[in-house]
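Visitor: generate a structure from the sequence data that follows.
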Amino acid sequence: MPLITSAGTDQISNEVSLKAIYRERGELFGCRSVRYTQCMTTLLAIGVPDDLVCRLDALIAGKHSTRSEAIRRAIELYLYRLAYEHDAQQYERLPLTDSEFALADDQESWSETPAW
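Guide: This is a model prediction of the structure:
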């Protein structure tokens, strides 16, 4: 769809209405590439110290085909670890009750559960 433009004296209300139209269409307001899909990637430019690059290159020689693959995997593992730590904090904040522990230990409680 073409980019929607507005003309008028009330710029703020026009911008707000444009944002609503884009939101209804599932698009990003003011973004030329509004049809990103999940399989698209975004290039990140980051500064990395030379010694870290040397260690990365030594790692990819045996386990990964490219630096990008190694960095992507490291980010995935880091995000997984953060999610795991968040879950652990939630369990510390709201620990399981004795009845929940008893349910886990009681095999008969699970007798109605279908076999996987």
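Visitor: how much space separates residue 114 from residue 108?
Guide: 15 Å (Cβ to Cβ, to the nearest Å). Any C-beta I mention is one placed from the backbone N, CA and C, and that applies to glycine too.
Visitor: do the same with residue 43
Guide: In terms of Cβ to Cβ, residue 43 sits 55 Å off from residue 108.
Visitor: domains in this protein, by residue range?
Guide: 1-36, 41-95 (automatic domain parsing).
Visitor: now the terminal residues of the longest one, how far apart.
Guide: Yep, that's domain 41-95 we're talking about. 39 Å (Cα to Cα, to the nearest Å).
Visitor: pLDDT of that domain, averaged?
Guide: Domain 41-95 shows a mean pLDDT of 90.
Visitor: ditto for the shortest one
Guide: pLDDT averaged over domain 1-36 equals 54, rounded to a whole number.
Visitor: do the same with stretch 98-109
Guide: On average, stretch 98-109 scores 76.
Visitor: going forward, begin numbering at 233 instead of 1
Guide: All set: I'll call the first residue 233, so the last point we hit is now stretch 330-341.
Visitor: how about stretch 278-296: buried residues?
Guide: Across stretch 278-296, burial judged by 16 or more other Cβ atoms under 10 Å covers 288, 296.
Visitor: OK, contacts around residue 273?
Guide: By Cβ atoms under 8 Å, 6 or more residues apart in numbering, the contact set of residue 273 is empty.
Visitor: any idea how far residue 304 is from it?
Guide: In terms of Cβ to Cβ, residue 273 sits 9 Å off from residue 304.
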